[in-house]
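>>> Here you go, sequence then predicted model.
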Amino acid sequence: MSIKKKTFVFSLIAAVLAGALIMFGASELLNSLGVGTVRVSAREYKHLEYMDKKYAKVEELWQAIEDNYYKDVNEKDLKTGMYRGLFDGLDDIYSTYMTKKEYESWNASTIGEFEGVGITFTEDKNGNYVVVSTVDGSPAQKGGIKAGDYILKVDGKKYHDLDSLGAAMRGTKGTEVKITYLRDDSEKTVTLTRAKIVTETVSSKVLDGNIGYIKISSFEENTASDFKTVLNEMEEKNVDGLVIDLRDNGGGLVEQGAKIADMLMGKGTITYMQDREGKREYYRSDSSKTDLPYVLLVNGGTASTSEILSAAVKDSGDGTLVGTKTFGKGIVQSTAQLDDGSAYKLTVMQYFSPDGHVINKKGVKPDYVIKQSDSSKTDRQLNKALDLLK
């Protein structure tokens with residue numbers, strides 16, 4: 001069958017006009033029903049298409065829960081779980097989402113003064129929460145909790161990340177909290193009354209033989225300035241050497257550790273951090289340093305910022321390390337607060353020793369490996385350090 005060109009053109013125009021009228025009529029009908037249409041740019045349409053592809057499944061699952069879960073659903077809890085799940089997908093125990101309350105609690109702990117039970121803990125390679133130490137005179141210490149215990153539950157609830165567990169143990173002074181822990185395959189639950197915890201991160205004394213001893217329990221806002229005060233006192237007392245104890249120090253603020261390294265090392269690199277693009281940031285020390293010979297004590301509980309300090313001293317050769325291999329946390333987290341007061345911690349860099357040695361998951365091996373038995377009353381590691389300083 002053939003159609004003349006002119007007839008075909010008129011037919012095409014008529015079809016287009018009819019289609020336009022139909023679309024116009026449909027649009028008017030939708031508008032009358034309160035549905036309507038919205039014009040969007042190509043760029044906006046692509047974004048909507050992207051959002052649909054990325055989050056349609058989340059919406060589908062959300063709707064399934066709302067429609068079918070056997071109890072009423074708390075929308076706020078669902079959202080929090082969704083945000084946590086995003087970070088859980090990284091398989092990184094140090095990257096996490098925090099609610100506003102959790103962030104405020106975590107932030108308070110970094111200044112060395114908070115209300116809680118006084119437990120410092122970490123997560124081991126098997127995902128267990130291990131007590132590193134308890135603050136002297138704290139509810140945890142008085143309640144019998146010791147280093148090496150495994151925290152199982154807080155108020156009967158299990159937790160799946162370090163920050164939410166820490167937030168659960170912290171709380172208003174005078175309130176009670178139940179801590180369930182494991183020791184020697186025996187599970188125990190103790191009820192503790194929260195108190196105001198003031199962490200003294202630096203303590204010192206002069207040992208027999210005129211050797212100064214400085215213990216650093218963590219790195220918080222005032223740790224470096226407190227260490228400087230104690231170091232000056234030791235120098236004024238003319239001690240013959242220093243033992244700096246970093247055992248069971250789980251870390252803290254990197255800047256504080258770098259400042260202490262600067263007091264102990266000559267001019268050079270303390271550490272450098274590198275992101276996934278290869279961009280580096282350096283911490284460096286100047287030429288001024290203490291003239292006192294010193295030994296660092298380290299063990300498997302020596303982690304994070306403590307390892308930065310330990311690796312810097314080992315590579316520089318300015319001091320000696322004694323003990324056992326350190327924990328092996330060589331990554332850096334950045335913390336940011338969101339508009340609603342919640343926050344997140346995200347691992348953004350890995351740090352290295354001055355000579356470029358990887359610390360993460362490897363740790364720092366001391367110059368003298370000396371094992372210490374928990375049951376022994378003799379501190380073999382300290383005694384070795386004293387022998388080296390004679």
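Great, that's in hand. Nothing here was measured: the structure is a model prediction, and the numbers come from that model.

>>> Span of stretch 165-185 from start to end?
Start and end residues of stretch 165-185 are separated by 21 Å (C-alpha to C-alpha, to the nearest Å).

>>> average pLDDT for it?
Mean pLDDT, computed over stretch 165-185, is 93.

>>> hey, where'd the helices end up in the stretch 101-250 of the chain?
139-142, 162-169, 223-236 (DSSP state H, counting those that start in this stretch).

>>> Looking at those, which is nearest to Ser186?
Using C-beta to C-beta as the measure, helix 139-142 is the one of the helices of the stretch 101-250 of the chain that comes nearest Ser186, at 17.6 Å. Bear in mind the C-beta positions are built from the backbone N, C-alpha and C, glycine included.

>>> Show me what the closest one is packed against.
Secondary-structure packing of helix 139-142 (3 or more C-beta pairs under 8 Å, 6 or more residues apart in numbering; DSSP states H and E): strand 129-134, strand 186-193.

>>> And for stretch 360-379, what's in contact with it?
148, 296, 298-300, 302, 307, 310-311, 314, 320-331, 350-351, 353, 357, 380-381, 384, 388 (C-beta atoms under 8 Å, 6 or more residues apart in numbering).

>>> Out of these, which sit inside helices?
Glu307, Ser310, Ala311, Lys314, Arg380, Gln381, Lys384, Leu388 (DSSP state H).

>>> picking up where we left off before, and among the helices and strands packed on helix 139-142, the most buried is which?
strand 129-134 (a mean of 21; mean count of other C-beta atoms under 10 Å).

>>> middle-most residue in this structure, spatially?
Centrality entry for the chain: nearest residue to the mean C-alpha point is Tyr94, 4.2 Å, by C-alpha atoms, centre = their mean.

>>> Could you look up the SS state of it?
coil (DSSP: H, G, I helix; E, B strand; the rest coil).

>>> Have a look at this structure and report its longest strand.
strand 343-352 (DSSP state E).

>>> Just the buried residues of it, please?
Across strand 343-352, burial judged by 16 or more other C-beta atoms under 10 Å covers Ala343, Tyr344, Lys345, Leu346, Thr347, Met349, Gln350, Tyr351, Phe352.

>>> Show me what it packs onto, helices and strands only.
So strand 343-352, by 3+ C-beta pairs under 8 Å, 6+ apart, packs with strand 96-98, strand 268-274, strand 331-337.

>>> who's in contact with the helix or strand just after the second one?
Translated: strand 268-274. Downstream of strand 268-274, the next assigned helix or strand under DSSP states H and E is strand 280-285. Contact partners of strand 280-285, identified using C-beta under 8 Å, 6+ apart, comprise 254, 258, 261-262, 265-274, 308, 312, 349.

>>> on that earlier part again, winner for burial among the helices and strands packed on strand 343-352?
Counting by mean count of other C-beta under 10 Å, the most buried of these turns out to be strand 96-98, with a mean of 26.

>>> Other residues contacting that strand?
By C-beta under 8 Å, 6+ apart, strand 96-98 touches 80, 83-84, 86-87, 106, 161-164, 167, 342-345.
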